[in-house]
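Enquirer: Below are the sequence and a predicted model; questions follow.
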Amino acid sequence: MTLVDLSPAMLRASRRLNPGCEHRRGDMRTLRLGRTFDAVFIHDAIMHLATERDVRRAVATAFAHLRDGGVALFAPDYVRDTFRPGVESGGSRKGGREVRWLGWDVAGVATLAYVMRDGTKVRGAIDRFRFGLFSRATWMRVLRDAGFRPKRVRAVDGRDAFIGLRSK
């Protein structure tokens, strides 16, 4: 498996979690590895692409990296058809370290508040970004335009996901 991320920090974390995998720094919109695969998976990171043009570029990258007969899976967090503004929260603890988060997703903008504790030291951070919120029809059209035979499916969490088959 080849794992790709634009962020060096995310790649370092992934190398610790997935030491048996190849890791490459790259942008899902422009990456060209010079080889093809049986499958490509782009999960929730695709939500960081706020324009249809950028999504089209990422889908074209997936298509370029698939062998004939290969499959791509795109799993955005939301589609416009079912999006409802909301609040989510969570966190985890390991040893003397802990993180708690609270996130608001409203009208294509995500705001996340983090509180992190390391022993007795506590700090907070806020992250805010615009996310892509596209309709099911747009996802299907973008995949079809890239050359895929598209299909909408339900992920295990009930959210929409999209499969693109690269025909032989």
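Expert: Ah, there it is.
Enquirer: domain ranges for the protein?
Expert: 2-80+133-165, 86-130 (automatic domain parsing).
Enquirer: Please work out which of these is packed deepest.
Expert: With neighbours taken as mean count of other Cβ atoms under 10 Å, the domains of the chain reach their highest mean count in domain 2-80+133-165, at a mean of 16. Backbone N, C-alpha and C define where each C-beta goes, glycine included.
Enquirer: what about it, distance to the chain center?
Expert: 7 Å (Cα atoms, centre = their mean, to the nearest Å).
Enquirer: Check stretch 159-168 too.
Expert: 15 Å.
Enquirer: What are the boundaries of the helices in this protein?
Expert: 8-17, 52-64, 136-146 (DSSP state H).
Enquirer: In TSV, list those helices along with mean pLDDT and distance to residue 111.
Expert: Below are the helices of the chain laid out as TSV (pLDDT from 0 to 100; distance: least, Cβ to Cβ, whole Å):
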stretch	mean pLDDT	distance to residue 111
helix 8-17	96	20
helix 52-64	98	21
helix 136-146	98	24
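Enquirer: Of all the ones you listed, which one is nearest residue 78?
Expert: Closest approach to residue 78 among those (Cβ to Cβ): helix 136-146, 11.0 Å.
Enquirer: Report the angle between the closest one and helix 52-64.
Expert: Orientation of helix 136-146 against helix 52-64 (axes from the mean of the first three to the mean of the last three Cα atoms, to 10 degrees) gives an angle of 50 degrees.
Enquirer: neighbouring contacts of helix 136-146?
Expert: 52, 55-56, 59-60, 62-63, 74, 76, 79-81, 134, 150, 152, 160, 162, 164 (Cβ atoms under 8 Å, 6 or more residues apart in numbering).
Enquirer: Name the residues linked to the closest residue to residue 39 other than its chain neighbours by a beta bridge.
Expert: Leaving aside its sequence neighbours, residue 39 sits nearest to residue 71 (Cβ to Cβ, 6 or more residues apart in numbering; 5.4 Å). Counting by DSSP bridges, residue 71 is bridged to residue 39, residue 165.
Enquirer: Quick check, pLDDT for residue 71.
Expert: For residue 71, the pLDDT comes out at 98.
Enquirer: tell me the contacts of residue 51?
Expert: With Cβ under 8 Å, 6+ apart, residue 51 has these contacts: residue 132.
Enquirer: how about a cut-off of 10 Å?
Expert: Listed by Cβ atoms under 10 Å, 6 or more residues apart in numbering, the contact set of residue 51 reads 57, 130, 132, 134.
Enquirer: Thanks a lot, see you next time.
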